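Colleague: fold the following.
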Amino acid sequence: HTFERLFIYQKANEFNLLVRSFLRDEKIDYSTENQLRRASLSIVLNIAEGSSRMSDKDSRRFYIMSRGSVLESAAILILLNAEKSIERKLYISLYEKSEALSRILYKMIRDLA
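Modeller: Residues are numbered from 1 along each chain as shown. Here you go, the predicted structure:
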């Protein structure tokens, strides 16, 4: 599929896999774990779906939703860091990856406006 060649998709997938690995290894309350798992997956899925759309306007809508999921994931990571439920080094790595995803998606969204 063409979306697999997109740099943003590859980076989002990497982020999602790291989040899933973290959640597999840690004991996080169910609702927070579920929300983070769904938000990080949503980033990837919305990029894939947005890449298939036939108009820039429609693609843009999915990239906006993907960026919202990036920010949702970041907010959960901030909470987990404040609770000391995530190793500091992993938190910094995931947070920086979320910032990079947000910047790339912002540029894509802006370019499709």
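
Colleague: count the neighbours of Glu49 for me.
Modeller: 17 (other Cβ atoms under 10 Å). In short, each C-beta sits where N, CA and C put it, glycine included.

Colleague: how about the helices in this protein?
Modeller: 7-25, 30-51, 56-82, 88-111 (DSSP state H).

Colleague: tell me which of the ones you listed sits nearest to His1.
Modeller: helix 30-51 (7.4 Å; Cβ to Cβ).

Colleague: buried sites along the closest one?
Modeller: 33, 35-37, 39-51 (16 or more other Cβ atoms under 10 Å).

Colleague: what's the angle from it to helix 56-82?
Modeller: Put simply, helix 30-51 runs at 160 degrees to helix 56-82, going by axes from the mean of the first three to the mean of the last three Cα atoms, to 10 degrees.

Colleague: mean confidence (pLDDT) on helix 30-51, please.
Modeller: On average, the pLDDT along helix 30-51 is 96.

Colleague: quick one, phi psi at the residue nearest to Arg60 when sequence neighbours are not counted?
Modeller: Leaving aside its sequence neighbours, Arg60 sits nearest to Leu112 (Cβ to Cβ, 6 or more residues apart in numbering; 4.1 Å). When quoted as degrees, to the nearest 10, the phi and psi of Leu112 stand at phi -90, psi 0.

Colleague: burial of Leu112, as a residue count?
Modeller: For Leu112, using other Cβ under 10 Å, the count is 16.
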